[in-house]
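*Asks:* Okay, here's the prediction I keep looking at, along with the sequence it came from:
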Amino acid sequence: MRAALLGLFALAAPAQALDCRDVEFEGTPYALCEVDARAERLSLFLNDATGQPYGSFAAVEAERGPLAFAMNGGMYHEDRRPVGLYREEGEELAPLVTRPGPGNFGLVPNGLLCLSDEGAFVVETLAYEAGNRDCHSATQSGPMLVIDGELHPRFLPDSDSRYIRNGVGTSADGSRAVFAISRRPVTFHEFGRLFRDGLSLPNALYFDGSISRLYAPSLGRDDWGVRMGPIVGLLAADASP
């Protein structure tokens, strides 16, 4: 029991301004990048200067400079247009989608990652529509993994649907943003428990499960695969020394 409690403490311990680390929770390995979202300027990246989707971490770095860390940041269509709301530095490029639908995105409640001057917040879609948060940048995805401390009601403890999955969880005050990717296939229920029980985060959002990717130089991670849509990350120039 003492070892288990120490493991939970290690997962939930406050991060440095940017802290990427490998952890294990309930016997499953994960890679995490935790950001002090009040001290650091998280950014979203979709299109380059010509209006074409970046599609890769390397393309972002080629135009914007080195990344301290990055991750795929929301679901997208075949042409890499965001499926739901996408807002970047005050400009809305895709509208909010509130209706249920097919696939993981439409498994409501879904939500969005909101980046604001007060920090980073995972916000449920209808709460955002009601004016819950003002975001200079936001990316919508789904489903929510954790909603006000509770797992998504549709998640099954005995599900056999397992994928490499990635997502983000945030603290209530917006100071902690923890980006996680599983290092082996997990269920939604298992992934949600990582954020709720392992990281003590009240809200968490699923990003994807088939193209999940992480760029974390400190962990030796520069994942490659199919071209991405939205990307979330921290430019090295914006990171604390």
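*Replies:* Cool, got the structure. Numbering: from 1, shown residues only.
*Asks:* what are the bridge partners for Tyr76, then?
*Replies:* Here Tyr76 sits in beta bridges with Pro82, as judged by DSSP bridges.
*Asks:* burial count for it?
*Replies:* Tyr76: 25 surrounding residues under other Cβ atoms under 10 Å. Any C-beta I mention is one placed from the backbone N, CA and C, and that applies to glycine too.
*Asks:* What residues does it make contact with?
*Replies:* Tyr76 makes contact with 82-83, 228-230, according to Cβ atoms under 8 Å, 6 or more residues apart in numbering.
*Asks:* 7 Å - rerun?
*Replies:* Residues in contact with Tyr76 (Cβ atoms under 7 Å, 6 or more residues apart in numbering) are 82-83, 229-230.
*Asks:* Which of those residues sits closest to Glu92?
*Replies:* Relative to Glu92, the closest of these is Pro82; by Cβ to Cβ it sits at 10.4 Å.
*Asks:* residues in contact with that closest one?
*Replies:* 74, 76, 94, 139, 229-230.
*Asks:* 10 Å instead?
*Replies:* Contacts for Pro82 (Cβ atoms under 10 Å, 6 or more residues apart in numbering) come out as 44, 46, 53, 73-76, 88, 93-95, 97, 139-141, 229-230.
*Asks:* so what does the strand or helix carrying Phe191 touch, helix or strand wise?
*Replies:* Taking DSSP states H and E as the definition, one finds Phe191 inside helix 188-193. If you count contacts as 3 or more Cβ pairs under 10 Å, 6 or more residues apart in numbering; DSSP states H and E, helix 188-193 packs onto strand 18-25, strand 28-36, strand 144-147, strand 150-151, strand 166-170, strand 176-182, strand 203-208.
*Asks:* Any stretches of the protein with poor pLDDT?
*Replies:* Counting by pLDDT under 70, the chain contains low-confidence ranges at 1-16.
*Asks:* and the most centrally placed residue in it, what are its bridge partners?
*Replies:* Centroid check for the chain by Cα atoms, centre = their mean gives Val168 as the closest residue, at 3.1 Å. With beta bridges defined as DSSP bridges, Val168 has these partners: Phe179, Leu205.
*Asks:* does it really touch Val123, like I thought?
*Replies:* No. Val168 lies out of contact with Val123 (Cβ atoms under 10 Å); the separation is 11.6 Å.
*Asks:* which residues do those two both contact?
*Replies:* With Cβ under 10 Å, 6+ apart, Val168 and Val123 have common neighbours 113, 203, 205.
*Asks:* Could I get these in CSV, plus columns for neighbour count?
*Replies:* Shown next, in CSV, are these (neighbours: other Cβ atoms under 10 Å):
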residue, neighbour count
Leu113, 30
Asn203, 25
Leu205, 27
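*Asks:* Make a markdown table from those and add distance to Glu26 to it.
*Replies:* Listed next are those as a markdown table, based on distance: Cβ to Cβ, whole Å:
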| residue | distance to Glu26 |
| --- | --- |
| Leu113 | 24 |
| Asn203 | 20 |
| Leu205 | 20 |
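*Asks:* Quick check: of these, which lies closest to Leu156?
*Replies:* Nearest to Leu156 out of those is Leu205 (Cβ to Cβ; 19.0 Å).
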